[in-house]
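# give me the fold of what follows.
(one chain, ligands or ions: 2)
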Amino acid sequence: MKPEVLLYKPLPDDLRARLDEHFTVTVIKDLTLENADRQADAFARAEGIIGSSSKVDAALLAKLPKLRAASTISVGYDNFDLDALNQRGVVLMHTPTVLTETVADTMMALVLSSARRVVEVAERVKAGEWRGSIGPDWFGTDVHHKKMGILGMGRIGLALAQRAHHGFGMSILYNARKHHEEAESRFNARYCDLDTLLREADFLCISLPLTEQTHHMIGREQLAKMKPDAILINAGRGPVVDEQALIEALQNQTIRGAGLDVFEQEPLPVDSPLLKLPGVVALPHIGSATHETRYGMARDAVDNLIAALSGKVEKNCVNPQVLR
Ligand SMILES: NC(=O)C1=CN([C@@H]2O[C@H](COP(=O)(O)OP(=O)(O)OC[C@H]3O[C@@H](n4cnc5c(N)ncnc54)[C@H](OP(=O)(O)O)[C@@H]3O)[C@@H](O)[C@H]2O)C=CC1
Ligand SMILES: O=CC(=O)O
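Ligands and ions are numbered 1, 2, ... in the order given. Coordinates of the predicted model:
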């Protein structure tokens, strides 16, 4: 008999067919306690789950007594209670690498659009405001040859440094928990502590995961150390930045602007003060959202679940210790 799995995100037809070849699949809208009660039999029998974004905590795991593997269609896994998974011996699979270059493209797009005010001025053109030769009130600030400070020099940080250094002649500063030899040799990147990064960067680019340690890592005190002309880019997770403190820094013009793909609450509430600030470019968490990359992530997630439930995990495992 095929193992039973819960699918909580639509898949392209060919990937859905591949999943059906290996498993008996029940589709649910979201992994919630309400749906667990509504579809109790499917939850009780599920050995695997595959999807993205839903919160998977101890209470939800209690509804999944047979669960052996979770496969998230994302690289970030802050929505999973990892300790609870480990205690239960549930293997967690994710999709690093396949999305790295696309997310770095998105971050570079945020750097360029916020510095050159692309969204704002394009809207002004559409509103019929371009009536003569433009003046300084349409000008932006340069990107090329400026200093990029990367907070989180992992896969995405490295791919961003490649674009910024080799494409735009930018000098690279970075902070992470450890030194990254590859960044230093390929991009002449300089490791520094967080305070130095904040004080020196023209663009503070955040590609950190959300953890207990990174939650509100950038707050009022840190924002106050940034240059008045600096721009903050966040494509890691919203709660890495204290959003209220960021709003105040932007309103008080102690920093120039922000390019944001992630927010403390998503979708971003329509009444967020961020949406009223001209120096802000706000995107709807589209870091990896291209047809090619989202397909690749779904493909990897399906393969990851097949590998995990057949005991053949070779890569993409968050908690390999549970396999031993
Ligand atoms: N906006 C979007 O659509 C997307 C967002 N993301 C987000 O980007 C994150 C990063 O992805 P990826 O680059 O693949 O992950 P990696 O694990 O490769 O990189 C994470 C980096 O963060 C650093 N880091 C972690 N904790 C700390 C800390 N406490 N202090 C300083 N540095 C820290 C790590 O440091 P060290 O190297 O020293 O271990 C590492 O350099 C994801 O977790 C996800 O949240 C990812 C994809 C899409
Ligand atoms: O935010 C997206 C991810 O893959 O993580």
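# buried set for stretch 260-271?
Neighbour counts over stretch 260-271 (16 or more other C-beta atoms under 10 Å) mark 260-264, 268 as buried. C-beta coordinates here come from the backbone N, C-alpha and C atoms, glycine included.
# state the mean pLDDT of that stretch.
Stretch 260-271 carries an average pLDDT of 98.
# chain center to that stretch, what's the gap?
Per C-alpha atoms, centre = their mean, to the nearest Å, the displacement of stretch 260-271 from the mean C-alpha position of its chain is 13 Å.
# can it be said to contact ligand 1?
Yes: Stretch 260-271 lies within reach of ligand 1 by C-beta under 6 Å from any ligand atom, at 261-262.
# which residues touch the residue in the stretch 51-200 of the chain positioned nearest to ligand 1?
With C-beta to the nearest ligand atom as the measure, G154 is the residue of the stretch 51-200 of the chain nearest to ligand 1, at 1.7 Å. Shown in contact with G154 (C-beta atoms under 8 Å, 6 or more residues apart in numbering): 176, 207.
# next: T254.
223-224, 226, 228 are the contacts of T254 under C-beta under 8 Å, 6+ apart.
# cutoff 10 Å now
Contacts of T254 were listed using C-beta atoms under 10 Å, 6 or more residues apart in numbering, and they are 220, 223-228, 230, 248.
# what does the stretch 151-300 of the chain have sitting close to ligand 1?
Applying C-beta under 6 Å from any ligand atom, we find that the stretch 151-300 of the chain lies next to ligand 1 at 152-157, 175-178, 207-211, 213-214, 235-237, 261-262, 285, 287-288.
# among the residues you listed, which are located in strands?
N175 (DSSP state E).
# buried only: go through the residues of the stretch 151-300 of the chain next to ligand 1 for me.
Neighbour counting by 16+ other C-beta under 10 Å classes 152-157, 175-176, 207-208, 210, 214, 235-237, 261-262, 285, 287-288 among these as buried.
# of the residues of the stretch 151-300 of the chain next to ligand 1, which are in range of ligand 2?
Among these, ligand 2 is touched by 287-288 when using C-beta under 6 Å from any ligand atom.
# pretty sure G287 contacts I206?
No: with contact defined as C-beta atoms under 10 Å, G287 does not count as touching I206 (11.7 Å).
# overlap in contacts of these two?
Listed as contacting both G287 and I206 by C-beta under 10 Å, 6+ apart are 107, 235-236, 261-262.
# so how many other residues sit close to the closest residue to E120 other than its chain neighbours?
Using C-beta to C-beta, 6 or more residues apart in numbering and skipping the chain neighbours, the partner closest in space to E120 is P278 (5.4 Å). Per other C-beta atoms under 10 Å, the neighbour tally for P278 reads 13.
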